[in-house]
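Enquirer: Please find the sequence and the predicted model below.
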There are 2 protein chains.
Amino acid sequence: MSAQDRAADSTPPGLPPIVAAIRSSRRDLARLLTRIENGQAAAELAALYPYTGKAHIVGVTGAPGTGKSSLVNALARHYRREGQTVGIVAVDPSSPFTGGAILGDRIRMQDLSGDAGVFIRSMATRGSLGGLASTTGDLTRALDAAGYDLVFVETVGAGQSEVDIARTAQTTLVVEAPGLGDDVQAIKAGILEIADILVVNKADRPGIENTVRALRAMLELGHRTERALHHGRLLNVSAAPPDENENAAWQPPIVQTVALDGKGIPELAEKLAAHRAYLRSSGTLAVREQARIEAEIADRLRDALLTRLLSQTDPALLAALVEQVSARTLDPGSAIQQLLKRFGENHTG
Amino acid sequence: MSAQDRAADSTPPGLPPIVAAIRSSRRDLARLLTRIENGQAAAELAALYPYTGKAHIVGVTGAPGTGKSSLVNALARHYRREGQTVGIVAVDPSSPFTGGAILGDRIRMQDLSGDAGVFIRSMATRGSLGGLASTTGDLTRALDAAGYDLVFVETVGAGQSEVDIARTAQTTLVVEAPGLGDDVQAIKAGILEIADILVVNKADRPGIENTVRALRAMLELGHRTERALHHGRLLNVSAAPPDENENAAWQPPIVQTVALDGKGIPELAEKLAAHRAYLRSSGTLAVREQARIEAEIADRLRDALLTRLLSQTDPALLAALVEQVSARTLDPGSAIQQLLKRFGENHTG
């Protein structure tokens, strides 16, 4: 049974049109996702928001070469056999400027195509405007409201993008693989801080024992706490994370997989279910959700405020200020103060 | 002669105290950089800004395992032998939350320590608040004003961080190395778009011919133009990039190096000088500078506006809105509209 069929069975008559549409038509869902990517779906997102919160949102990250996409595909096949539906958002950094995601999309569609219970969306990262994390979160919500049981958010990167995933996802998988180069170790410590489950993929390769041993050692050294996730918070209005007793808190397990032949995938699915149960029973789910909402509100307020300021500022003034800063007759901080001051006066005048 | 000595020789009597201080004392420079990282140096940054614009700012990026740090160290030794001074800002994503940069700093200091003509600063990336690119840019400016002839900004990552470097730096080196895994290729296309010079480090390793051939093929396929850098622009007030004739425009060269024994380093330094000459003669330097200034002003306005809004908003209201969004009785977009509306009323009332 497809996500659409399943959802249609239980559709109450009062469902908002957009929710009814994305639950019954893949094409309508695809169109909505495009509108979300283009920033044109504010009304739809507001309408579907009450219907979110059911899917298990899983972030998947790791260095290039670890086989993340194959792993997500293997998990998708596993969940389909169990009768669950799967949405996938692949955030593709292959091109910051152009649509590098297209090829990957086609390759993956081939693998899982024809299965109405799987929906895959690739998304290229484009410049810094518009908030990649915010758009990813909105795509995830649409898939959640469309009725998919699990939504995977997959990304590559080292640094900020992982932190943003940790905010979007409920459970974060960090994928490693044996033998990826000598100073890969150097970046693992940071990624480990956001890992709920560590996956060592390509476990049939030489060097697997070393990789697992190194990860275990780093986990034992690590000081991973919920507090780390709170460090990046912006509004700081919601409750502090529950005090985590060393024994009661989740200890990230290490799972070995070979995505290409499915080895270890059922064990990984078990750990995913166990982590979700932990999130709920410990109250961590609600804490993470609030932190994520705070970050989202702050990010979107930033953009909205800048848009408002720019719409009220004479373009000729802006151009003149940029020109002066460029000529070093004005420093950037003073240029900003001038713009802020005028904005304040416009508002009070 | 150290950067301090060199600068002191030509110090005009009317130099602002902060500029005189960072040109004559490494300790004062180090303290300023710390204040910049903590966001406490607005006045100093304004005062030193007119004294920037002399250094050649070089961004260095590439995947883990390519030997970026060794390459930058080798370049630093080369320039020191030529009598030039070198500043290095190493943006270390090893830990998004904690100060993972410390170790790397120590290791590098060992290599180049005792040379007053080299100044190294490592910077951990901490959460998303505060703008990594903005802080990096300010650190670079301080080193520029302190009189260093070249300033290297080194980072690891795939995606957004490279784009941000492309904005901060005048010349961007993208570092590759042979045999780093099978799907590393997939991320190269995007990184190539920001490369002014491609470096294949560890050129004594097997597989070097394949790596160079693959890069050359990708370069020939590529559609790299100045327009790509303009895609991420935010204010769009400065001039369009000069029309680039296919033949006149800079074609990114591929330079093979072995950083550990210095092979290829003089050739790389030549290409760096050639690129700077190109930037100046073509007018591209001014265009990039304006694009960078626009992006910086937009980023800092965003943060300043959010800070202003939050300072004028009742924390209890914020907490209540987050609570309602969390309970899904309110969608994030409507919460944001409420906050914006009140902010507008405060300003007009």
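Expert: Sure thing, it's come through.

Enquirer: So A:Thr257 versus chain B, what's the distance?
Expert: To chain B, A:Thr257 is 17 Å away according to Cβ to the nearest Cβ, to the nearest Å. C-beta: built from backbone N, CA, C; applies to glycine.

Enquirer: And that residue, what's its pLDDT?
Expert: pLDDT for A:Thr257: 97.

Enquirer: okay, now it: neighbour count?
Expert: Neighbour count of A:Thr257, defined by other Cβ atoms under 10 Å in any protein chain shown: 26.

Enquirer: Settle this for me: it is touching A:Ile265, isn't it.
Expert: Yes - counting by Cβ atoms under 8 Å, A:Thr257 does reach A:Ile265; the two are 6.1 Å apart.

Enquirer: tell me, what's touching the two both at once?
Expert: A:Ala74 (Cβ atoms under 8 Å, 6 or more residues apart in numbering or on different chains).

Enquirer: which helices and strands does the longest helix belonging to chain A pack with?
Expert: The longest helix of chain A (DSSP state H) is helix A:284-311. Contacts defined by 3 or more Cβ pairs under 8 Å, 6 or more residues apart in numbering or on different chains; DSSP states H and E place helix A:284-311 against helix A:132-145, helix A:160-168, helix A:226-231, helix A:265-282, helix A:332-348, helix B:284-311, helix B:315-326, helix B:332-348.

Enquirer: Including mean neighbour count, distance to B:Val89 and mean pLDDT, could those helices go into TSV?
Expert: Below are those laid out as TSV (neighbours: other Cβ atoms under 10 Å in any protein chain shown; distance: least, Cβ to Cβ, whole Å; pLDDT from 0 to 100):
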stretch	mean neighbour count	distance to B:Val89	mean pLDDT
helix A:132-145	24	24	89
helix A:160-168	26	17	67
helix A:226-231	18	22	40
helix A:265-282	16	38	97
helix A:332-348	16	18	82
helix B:284-311	20	15	89
helix B:315-326	17	35	93
helix B:332-348	16	35	82
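
Enquirer: What count of nearby residues applies to A:Asp314?
Expert: 9.

Enquirer: any idea how far it lies from B:Ile293?
Expert: To B:Ile293, A:Asp314 is 18 Å away according to Cβ to Cβ, to the nearest Å.

Enquirer: Repeat that for A:Ser281.
Expert: With Cβ to Cβ as the criterion, A:Ser281 and B:Ile293 are 51 Å apart.

Enquirer: Ok, A:Arg121 next?
Expert: Per Cβ to Cβ, A:Arg121 is found 35 Å from B:Ile293.

Enquirer: end to end, how far does stretch A:306-317 reach?
Expert: With Cα to Cα, to the nearest Å as the measure, stretch A:306-317 spans 16 Å from end to end.

Enquirer: what do you get for stretch A:254-274?
Expert: For stretch A:254-274, the first-to-last residue distance is 13 Å (Cα to Cα).

Enquirer: Can you pull out the residues in contact with that stretch?
Expert: Applying Cβ under 8 Å, 6+ apart, the contact partners of stretch A:254-274 are A:56, A:58, A:67, A:70-71, A:73-75, A:77-79, A:82, A:171, A:173, A:197-204, A:208, A:212, A:215-216, A:219, A:253.

Enquirer: Mind checking which of those are buried?
Expert: Neighbour counting by 16 or more other Cβ atoms under 10 Å in any protein chain shown classes A:56, A:58, A:67, A:70-71, A:73-75, A:77-79, A:171, A:173, A:197-203, A:208, A:212, A:215, A:219, A:253 among these as buried.

Enquirer: Next, check those residues against the helices and list the overlap.
Expert: Counting by DSSP H, the part of the buried ones among the contacts of stretch A:254-274 found in helices is A:70-71, A:73-75, A:77-79, A:208, A:212, A:215, A:219.

Enquirer: just curious, which of these is nearest to A:Asp149?
Expert: A:Tyr79 (7.1 Å; Cβ to Cβ).

Enquirer: Now do the contacts for that closest one.
Expert: A:Tyr79 neighbours (Cβ under 8 Å, 6+ apart): A:85-86, A:149-150, A:269.

Enquirer: just A:Ile293 next, same as before
Expert: By Cβ under 8 Å, 6+ apart, the contact set of A:Ile293 is A:238, B:322, B:325-326, B:332.

Enquirer: now those in JSON lines, with distance to B:Glu37?
Expert: Putting the contacts of A:Ile293 into JSON lines (distance: Cβ to Cβ, whole Å) gives the following:
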{"residue": "A:Ser238", "distance to B:Glu37": "27"}
{"residue": "B:Val322", "distance to B:Glu37": "29"}
{"residue": "B:Val325", "distance to B:Glu37": "33"}
{"residue": "B:Ser326", "distance to B:Glu37": "33"}
{"residue": "B:Pro332", "distance to B:Glu37": "31"}
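
Enquirer: A:Asp149: neighbour count?
Expert: With other Cβ under 10 Å as criterion, A:Asp149 counts 18.

Enquirer: Surely it touches A:His56?
Expert: Yes - counting by Cβ under 8 Å, A:His56 is a contact partner of A:Asp149 at 7.0 Å.

Enquirer: re the thing from before, need the helices and strands packed on helix A:284-311 in TSV with distance to B:Tyr49, can you?
Expert: Shown next, in TSV, are the helices and strands packed on helix A:284-311 (distance: least, Cβ to Cβ, whole Å):
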stretch	distance to B:Tyr49
helix A:132-145	31
helix A:160-168	27
helix A:226-231	31
helix A:265-282	48
helix A:332-348	7
helix B:284-311	11
helix B:315-326	35
helix B:332-348	30
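
Enquirer: Now do the same contact list for the residue lying closest to A:Lys202 once chain neighbours are set aside.
Expert: With sequence-adjacent residues excluded and distances taken as Cβ to Cβ, 6 or more residues apart in numbering or on different chains, A:Lys202 is closest to A:Ala177, at 4.3 Å. Counting by Cβ under 8 Å, 6+ apart, A:Ala177 makes contact with A:62, A:65-67, A:200-202, A:205, A:211.

Enquirer: make it 6 Å
Expert: A:66, A:201-202 (Cβ atoms under 6 Å, 6 or more residues apart in numbering or on different chains).
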